[in-house]
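Chemist: Need the 3D shape of this:
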Amino acid sequence: MSHFDGVKDVHRVTDVYKLVSRSWRVGPTRIDLGDGVTIGGGAMTIMAGPCSIEDEKQVAETVDFLVSQGIHVMRGGAFKPRSSPYSFRGLGLEGLKMFASIARAKKIKVITEVLDVSTIEPMMEHVDIFQVGARNSQNFTLLDELGKVDKPVLLKRGLSGTLEELLQSAEYIFSKGNEKVILCERGIRTYEKAYRNTLDLNAVPYLKEKSHLPVVVDPSHGVGIRRYVPAMALAGTVAGADGLLIETHKCPEEALSDGAQTLSFQEASELFDKIKKLSQLELA
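Modeler: As a prediction, this is how the structure comes out:
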């Protein structure tokens with residue numbers, strides 16, 4: 001076919017995931033969130049905030065903290081999938097509206113988890129990035145529908161998912177027309193019991209070699225122990241991640257979910273300074 005008029009070159013993509021493959025698009029994808037905020041393309045993007053949105057005071061304090069740190073994306077769950085039905089499961093759509101209103105007043109972008117197809121439309125105007133959690137990584141009905149929206153989607157690796165399965169899940173979204181997909185390594189379940197999950201940092205260079213999509217790391221869920229989160233965040237930075245998801249709360253001991261893996265504002269501030277310095281480091 002390369003000898004046909006108008007055809008410059010032909011490349012056969014042999015991967016089972018065609019559109020997210022680097023064989024199909026050689027250059028890295030850069031996702032523009034507006035207001036100068038991007039993910040991918042060489043810059044480190046930090047997305048930080050609490051596991052769950054709890055009330056207006058908590059959101060306002062977190063937004064002000066992020067602004068003071070020069071961070072432009074806030075994470076926070078309004079719809080929470082919890083292992084126990086008796087755990088706090090979020091404030092729902094009204095909580096998300098409150099979250100978005102406070103965040104956007106300070107030009108902070110919002111990333112939050114979507115659990116169900118039925119909530120995509122009501123969430124649309126209040127979300128800058130839809131997050132698909134580990135439990136929904138292979139919810140193909142949800143992925144199909146997110147492929148039809150004009151919003152970035154951060155796709156987390158499943159609890160026991162392989163990297164090829166993650167890339168094929170991304171293909172579901174991409175193949176429906178939404179090319180704004182971000183891959184997230186958040187730890188997998190192994191036989192090791194010393195920490196919550198096993199953060200697979202091998203995934204970062206592998207995914208960046210196999211796919212043109214941005215790759216971010218979630219060290220908070222990846223290790224699940226507060227004192228280890230900074231080390232794993234820095235390791236993810238060195239591994240080449242395009243971004244980090246960091247859980248932070250003014251008082252982690254009082255957090256309604258995942259307090260054991262959440263950094264205080266002081267701890268987060270110290271980590272952010274180290275990440276910024278490390279991102280600028282050039283070895284001779």
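
Chemist: Hmm, residue 222 and residue 247 touching each other?
Modeler: No - judged on CB atoms under 8 Å, residue 247 makes no contact with residue 222 at a distance of 10.9 Å. Quick note: C-beta positions are derived from backbone N, CA and C, even for glycine.

Chemist: Could you pull up the mean pLDDT of the helix or strand where residue 58 lies?
Modeler: Of the helices and strands defined by DSSP states H and E, residue 58 is found in helix 56-69. Per-residue pLDDT over helix 56-69 has a mean of 98.

Chemist: Please identify the buried residues of it?
Modeler: By neighbour count on 16 or more other CB atoms under 10 Å, the buried set for helix 56-69 is 58, 59, 61, 62, 63, 65, 66, 69.

Chemist: and those residues as a markdown table, adding distance to residue 180?
Modeler: Converted to a markdown table, those look like this (distance: CB to CB, whole Å):
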| residue | distance to residue 180 |
| --- | --- |
| 58 | 29 |
| 59 | 25 |
| 61 | 30 |
| 62 | 25 |
| 63 | 24 |
| 65 | 27 |
| 66 | 22 |
| 69 | 25 |
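
Chemist: from the residues you listed, which is closest to residue 121?
Modeler: Nearest to residue 121, judged by CB to CB, of the buried residues of helix 56-69 is residue 59 at 23.0 Å.

Chemist: List the contacts of the closest one.
Modeler: 53, 76, 98, 99, 102, 103 (CB atoms under 8 Å, 6 or more residues apart in numbering).

Chemist: tell me the contacts of the second one?
Modeler: Just to be clear, that refers to residue 76. By CB under 8 Å, 6+ apart, the contact set of residue 76 is 49, 50, 51, 52, 53, 59, 62, 99, 110, 111, 112.

Chemist: pretty sure the second one is in contact with residue 262, am I right?
Modeler: Yes - proximity of residue 50 to residue 262 meets the contact threshold set by CB under 8 Å, at 6.9 Å.

Chemist: where in the stretch 51-200 of the chain is pLDDT low?
Modeler: Within the stretch 51-200 of the chain, the set of residues satisfying pLDDT under 70 comprises 86, 88.

Chemist: Would you state the strands of it in chain order?
Modeler: 73-75, 109-113, 129-132, 153-156, 181-185 (DSSP state E, counting those that start in this stretch).

Chemist: Which elements pack onto the shortest one?
Modeler: With contacts defined as 3 or more CB pairs under 8 Å, 6 or more residues apart in numbering; DSSP states H and E, the packing partners of strand 73-75 are strand 45-49, helix 56-69, strand 109-113, strand 243-247.

Chemist: That one pairs with which strands, and in what direction?
Modeler: Using DSSP bridges, the strands paired with strand 73-75 in its sheet are strand 45-49 (parallel), strand 109-113 (parallel).
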